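A.B. asks: sharing a model that was predicted from the sequence below.
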Amino acid sequence: MTPAISRPPPAGLADTMTIICNYCGNNAEMVSGDAIYPHRPDLYHRKFYRCQPCGAYVGCHEGTDKPLGRLANAELQGQTTSP
Ligand SMILES: [Zn+2]
């Protein structure tokens, strides 16, 4: 169950979040889109969290540091539709 408090945090105040990889427990680093999708210049302005050791990553909501969900490794990425 989620707590009753559902007020979203004010935009623009978010520091870089700590994202822990659920595969290997590493602290994921924030990278820009060109590190993930070198062939997609339209995604270069997007932010991603990437786990270096295992290559899992997750995109962020546009214009924010908030991840869209959990980190996904290459195996999972293959099952999702690309952006
Ligand atoms: Zn990892």
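C.D. replies: On my side now, so go ahead. Numbering: from 1, shown residues only.
A.B. asks: what residues does this protein put near the ion?
C.D. replies: For the chain, the residues in contact with the ion (CB under 5 Å from the ion) are 21, 23, 24, 26, 51, 54, 56. For glycine as for every other residue, the C-beta is placed from the backbone atoms N, C-alpha and C.
A.B. asks: okay, now residue 49: neighbour count?
C.D. replies: By the criterion of other CB atoms under 10 Å, residue 49 has 26 neighbours.
A.B. asks: Three-state assignment for it, please.
C.D. replies: strand (DSSP: H, G, I helix; E, B strand; the rest coil).
A.B. asks: quick check: buried residues in stretch 20-39?
C.D. replies: Using 16 or more other CB atoms under 10 Å as the test for burial, stretch 20-39 gives 21, 23, 26, 28, 33, 36, 37.
A.B. asks: looking at those residues, which one is closest to residue 67?
C.D. replies: Set against residue 67, the nearest of the buried residues of stretch 20-39 by CB to CB is residue 28 (8.7 Å).
A.B. asks: contacting residues around the closest one?
C.D. replies: Residue 28 sits next to 19, 20, 21, 49, 50, 51, 56, 57, 58, 71 when contact means CB atoms under 8 Å, 6 or more residues apart in numbering.
A.B. asks: what's around the last one, how many residues?
C.D. replies: Read that as residue 71. Neighbourhood size, residue 71 [other CB under 10 Å]: 23.
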